[in-house]
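> Just need the structure, nothing else, for what follows:
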Amino acid sequence: MMLITLVNDTARRSKNPGCQLTSRTFQDLLGGAGTALRPLEWGFGRRLQSRDRNLWQALGTGRWLEQPVLRALAETEYGPGAVQSCIRTDCVVFQPEGTVSDDADPLRILRFLSLPLWCALHGRVPLVVANGTFPLFDGARAELVRLLLDHADRAVMRDRISARHWGVACAPDSAVLWRGLPQTADASWLLITTAAESPPETDLAIGRAGLDSARRLGLRPLILGKGWERMAPLRPEIDAMGGRILESTLLDEVDRHVAACRLHLGGRYHMALLCATKGIPSALIRTNTHKNLWLAEECPGIRMAADPAALTATAQALLACPEDAILADIVRLSDETRSRLSDLPLLRRREPVPPPGLSRDLSRRLARPLRRDLWRHRLRTLRP
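The predicted structure follows:
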């Protein structure tokens, strides 16, 4: 029995059905016959408030990639037993999914990458980076990502834009493997979703564009997915149109409602993929990363609108896109994903590597916020 430790599993992000979608499909892909999975979650950016003296002593050295420093940081970010879990396994798979945005600073990137970097530099079991993406960083922010990708035994990105930028292969997002309910024959709803990490006024503009589209097309509006609360000011209008705000975020229930939709309009990347697995087209705006741009580049049934005001015209044009063409893209992407990750059992153990040095710019940008947090931590511990 092969044991795979899945780092940064997203299954428990219960308020986001998209995270559940990619977690379930990725676990199904990895967890075939003869394979067991052990998921580990990231603390998702909580502040460095650990009272572990070893952590603060390690961080104070400034030797960011040394074994004690990365281990102390990884056990704060991923839990006390995280490193041991990655030692007592046959393969570590790191999923850089939904956690680092375009505006992330180097310290947040180091915290997120602490455990996979420990595995890449100091571990002995194979490390695979898959089913995720990184923003298109350059300069100091790119340094840690490139270090991880260069020292991983296998590295693939879930979209071709990231793959080109980072110089690795593409294994499309495992969400394309979802096989839920097919689109209903009498689909009469218009799915409206929010945009990731957007201001509230942007989501309201999406909602208003969605209601306008629903009127023009004779469809009923359906609001669901992460951030649906932002559409609450539109509830009276939604109710008057016979629409609904679905507060449930359980993936199977979301899947059932999406199957009754004719069209998707909004900003949610994984909801667009869920729709595509049913042959439903999506009109999207750009969000916190380039992920929606890749979908539009890859799939004719998904198109970008310049802004929320342009969503109505974009959505109307998509009605001419045949369902069979959308489903054919999903089959193509599914085959590509399976082929890229089919040989993980063949990866072999390896020896640790000497940790490389970091640039002066990156070291300086890491040290500044850590000194601030270290001082605040000491103040807290000195108070009666």
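> List the buried residues for the helix or strand containing Gly18?
Element membership of Gly18 [criterion: DSSP states H and E] is helix 17-30. Neighbour-count burial for helix 17-30 flags 17-27, 29-30 (criterion: 16 or more other Cβ atoms under 10 Å). (Each C-beta comes from the backbone N, C-alpha and C, glycine too.)
> repeat for stretch 106-121
106-121.
> and it, how far out from the chain's middle?
Between the centre of stretch 106-121 and the centre of its chain there are 16 Å (Cα atoms, centre = their mean, to the nearest Å).
> The stretch 251-384 of the chain: strands as residue ranges?
261-267, 282-284, 302-304 (DSSP state E, counting those that start in this stretch).
> what's the longest one packed up against?
Using 3 or more Cβ pairs under 8 Å, 6 or more residues apart in numbering; DSSP states H and E as the contact test, the elements touching strand 261-267 are strand 189-195, helix 200-217, helix 269-276, strand 282-284, helix 311-318.
> most tightly surrounded among those?
strand 282-284 (a mean of 29; mean count of other Cβ atoms under 10 Å).
> List the pairing partners of that one within its sheet, with orientation.
strand 261-267 (parallel), strand 302-304 (parallel) (DSSP bridges).
> how about the ones you listed, which one is nearest Leu219?
strand 261-267 (5.8 Å; Cβ to Cβ).
> contact partners of the closest one?
The contact list for strand 261-267 (Cβ atoms under 8 Å, 6 or more residues apart in numbering) reads 183, 187-196, 198, 203, 206, 209-210, 213, 217, 219, 222, 225, 258, 271-272, 275, 280-287, 292, 311-312, 315, 318-319.
> Also stretch 326-345?
2, 4, 29-30, 34-35, 91, 93, 126, 128, 130, 154, 156, 169-174, 176-177, 276-277, 279-281, 298-301.
> Buried ones in that stretch, by neighbour count?
326-327, 329-330, 333-334, 336-337, 341, 344.
> how about these in JSON lines, adding distance to Ser101 and pLDDT?
Shown next, in JSON lines, are the buried residues of stretch 326-345 (distance: Cβ to Cβ, whole Å; pLDDT from 0 to 100):
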{"residue": "Ile326", "distance to Ser101": "28", "pLDDT": "96"}
{"residue": "Leu327", "distance to Ser101": "31", "pLDDT": "97"}
{"residue": "Asp329", "distance to Ser101": "26", "pLDDT": "96"}
{"residue": "Ile330", "distance to Ser101": "26", "pLDDT": "97"}
{"residue": "Leu333", "distance to Ser101": "24", "pLDDT": "97"}
{"residue": "Ser334", "distance to Ser101": "27", "pLDDT": "97"}
{"residue": "Glu336", "distance to Ser101": "26", "pLDDT": "97"}
{"residue": "Thr337", "distance to Ser101": "24", "pLDDT": "96"}
{"residue": "Leu341", "distance to Ser101": "25", "pLDDT": "90"}
{"residue": "Leu344", "distance to Ser101": "28", "pLDDT": "83"}
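> Among those, name the ones in helices.
Of the positions in those, 326-327, 329-330, 333-334, 336-337 sit in helices, assigned by DSSP state H.
> now, which of these sits nearest Glu41?
Thr337 (22.7 Å).
> returning to that earlier point: TSV please, covering the buried residues of stretch 326-345 and showing distance to Leu362.
Formatted as TSV, the buried residues of stretch 326-345 follow (distance: Cβ to Cβ, whole Å):
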residue	distance to Leu362
Ile326	42
Leu327	45
Asp329	39
Ile330	40
Leu333	35
Ser334	38
Glu336	34
Thr337	33
Leu341	31
Leu344	31
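> rewinding a little: mind checking how far the helix holding Gly18 is from the chain centre?
11 Å.
> Report all helices and strands that that helix contacts.
The helices and strands touching helix 17-30, judged by 3+ Cβ pairs under 8 Å, 6+ apart, are strand 2-7, strand 35-40, helix 251-258, helix 269-276.
> quick one: the closest residue to Pro308 other than its chain neighbours from Val258, how far?
Leaving aside its chain neighbours, Pro308 sits nearest to Ala205 (3.7 Å; criterion: Cβ to Cβ, 6 or more residues apart in numbering). Counting by Cβ to Cβ, to the nearest Å, the separation of Ala205 from Val258 is 22 Å.
> With that, I have no additional questions.
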